[in-house]
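[1] Predicted coordinates and the sequence they were generated for:
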Amino acid sequence: MMQPGAGDLVQSRAGHDRGQYFVVVSVREESGAVWIADGKGRRVADPKRKNPRHLHMVRRAVLTGAQLTDSCVRRTIGAYVQSIQ
């Protein structure tokens, strides 16, 4: 499995947020942790720490650094959910 990078769209596989979509805000190589946000409950300013083994990669690099705002994250996740329904 590929390690998620900043801006990637992922789906949670474990925890109370299982099945929800998030965008990776940052990756900490030394700890192996990934920080994710959905733009609603988990804002970009206060991302959730998640083990990358508990994430499923959906799309690569959907957002770049300048686009990592709560509204862009919500819009990106919403557009993806609409496209799969």
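    Noted; the coordinates are in hand.

[2] List the neighbouring strands of the longest strand belonging to the chain plus their orientation.
    For the chain, the longest strand by residue count, based on DSSP state E, is strand 21-28. Strand 21-28 has the following sheet partners, assigned by DSSP bridges: strand 9-12 (antiparallel), strand 33-37 (antiparallel).

[3] just how off-centre is that strand within its chain?
    4 Å (CA atoms, centre = their mean, to the nearest Å).

[4] Repeat that for stretch 61-76.
    Centroid separation between stretch 61-76 and its chain, computed with CA atoms, centre = their mean, is 10 Å.

[5] Next, V73: secondary structure please.
    Under the three-state scheme (DSSP: H, G, I helix; E, B strand; the rest coil), V73 adopts helix.

[6] can you count the residues close to it?
    Residues near V73, counting by other CB atoms under 10 Å, number 27. In short, each C-beta sits where N, CA and C put it, glycine included.

[7] Could you report the distance from it to A61?
    Using CB to CB, to the nearest Å, we find V73 at a distance of 14 Å from A61.

[8] any chance of the strands paired with strand 21-28 in TSV, with mean neighbour count and distance to Y21 too?
    Below are these laid out as TSV (neighbours: other CB atoms under 10 Å; distance: least, CB to CB, whole Å):
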stretch	mean neighbour count	distance to Y21
strand 9-12	19	5
strand 33-37	22	9
